[in-house]
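Participant: Need a 3D model of the sequence below.
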Amino acid sequence: MLPMENALVIIPTYNEAENIQKVVDAVIGENSFDVLVVDDSSPDGTASIVQQMIKSNPGKIFLEVRKNKSGLGKAYVHGFNWAIRRKYDFIFEMDADFSHNPIELNPMLNYLKQGKDMVIGSRYVKGINVVNWPLSRILLSYLASIYVRLITAMPIKDPTAGFVGYKRAVLEEIALDKIRFVGYAFQVEMKYKTWRKKFNYVEHPIIFTNRIHGDSKMDGRIIWEGLLGVLILRINDIFRVNK
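Facilitator: Purely as a prediction, here's the structure:
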């Protein structure tokens, strides 16, 4: 039986054993939400922790384990397809490390219930709201958001944000099998395709807090994919590739 609000939060994981139980408890504590953890066969036992939680929360927590670590984008696409098959109306993505505060989920859900197609938990819609990041990381992220807006002409203030909610209709309209990016550029690609299809959106201001436990998955390859990916995304759009 689906929940009254019919809302799902997808949390991709790789070596998040230190965070996963607390973050899932916090999400289901918001009442309206089910949780799907998409784990890339974490060697630290993340999936085993989730399996134990499922026993105490049947019908609220779900687990999909993928054989290989093949990137954030593919994990989310896996989760999106899972949610579409099960007819969830409101589908969210968020990190496992508490950089996205679960307390923001209900305000974000309300935007979707009131008619928005996409809601973005935005670090930059009202200034710069980032806690415990080094200045170099803040500058990289903020300048990246400006770069994306310049290349794509997309007016979203935080185009690389990873705390996002969609109506199911948006994900059904986007050709998920043609999403090409797996890292930093995945978030841009999803928002760009949503915007280009003229779905309406809102940016909800959040405070982003750097992780305390576990290791960041950000590396140089992901950053380069983001820089080059935005150019590729725009060029493909101009020439109507992967529509």
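Participant: Let me see the contact set for His78.
Facilitator: Contacts for His78 were tallied using CB atoms under 8 Å, 6 or more residues apart in numbering; they are 38, 64, 66. Where you see a C-beta, it was placed from the backbone N, CA and C, and this is true even at glycine.
Participant: residue ranges for the helices of the chain, please.
Facilitator: Under the criterion DSSP state H, the chain contains helices at 20-28, 46-56, 72-85, 105-113, 135-152, 168-173, 184-196, 220-238.
Participant: Just the mean pLDDT for the shortest one, thanks.
Facilitator: The predicted model gives helix 168-173 an average pLDDT of 98.
Participant: Can you list the buried residues in it?
Facilitator: 168, 170-171 (16 or more other CB atoms under 10 Å).
Participant: Show the model's pLDDT score for the spatially most central residue of the chain.
Facilitator: Most central in the chain under CA atoms, centre = their mean is Glu93, positioned 3.4 Å from the mean C-alpha point. On pLDDT, Glu93 comes in at 97.
Participant: just Pro134 next, same as before
Facilitator: Value for Pro134, per-residue pLDDT: 85.
Participant: phi, psi of it?
Facilitator: Torsion angles at Pro134 (phi, psi; degrees, to the nearest 10) stand at phi -70, psi 150.
Participant: any idea how far it is from Ser141?
Facilitator: Distance, Pro134 to Ser141, using CB to CB, to the nearest Å: 11 Å.
Participant: same thing with Val9?
Facilitator: Look at Val9 and Ser141: by CB to CB, they are 23 Å apart.
Participant: which of those two has more neighbours?
Facilitator: Neighbour comparison, Val9 and Ser141: the larger count goes to Val9, with 28 against 20 (by other CB atoms under 10 Å).
Participant: now the protein, which segments are flagged as low pLDDT?
Facilitator: For the chain, applying pLDDT under 70 flags the ranges 1-5, 211-226, 241-243.
Participant: So which residue of the chain lies furthest out from the middle?
Facilitator: Phe239 (27.5 Å).
Participant: ok so, going back, now for Pro134 and Ser141: what residues contact both?
Facilitator: Common neighbours of Pro134 and Ser141 (criterion: CB under 8 Å, 6+ apart): none identified.
Participant: on that earlier part again, tell me the contacts of the residue nearest to the centre of the chain?
Facilitator: Applying CB under 8 Å, 6+ apart to Glu93 gives the contacts 9-10, 12, 76, 79, 162-165.
Participant: Next, format those as JSON lines and append distance to Val182.
Facilitator: Formatted as JSON lines, the contacts of Glu93 follow (distance: CB to CB, whole Å):
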{"residue": "Val9", "distance to Val182": "20"}
{"residue": "Ile10", "distance to Val182": "15"}
{"residue": "Pro12", "distance to Val182": "11"}
{"residue": "Tyr76", "distance to Val182": "9"}
{"residue": "Gly79", "distance to Val182": "14"}
{"residue": "Gly162", "distance to Val182": "13"}
{"residue": "Phe163", "distance to Val182": "18"}
{"residue": "Val164", "distance to Val182": "16"}
{"residue": "Gly165", "distance to Val182": "21"}
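Participant: what's the closest of the buried residues of helix 168-173 to Glu203?
Facilitator: Minimum distance to Glu203 across the buried residues of helix 168-173 is 15.6 Å, recorded for Val170 (CB to CB).
Participant: pretty sure the closest one contacts Lys193?
Facilitator: No - counting by CB atoms under 8 Å, Val170 does not reach Lys193; the two are 9.0 Å apart.
Participant: between these two, what contacts are shared?
Facilitator: With CB under 8 Å, 6+ apart applied, the contact sets of Val170 and Lys193 do not overlap.
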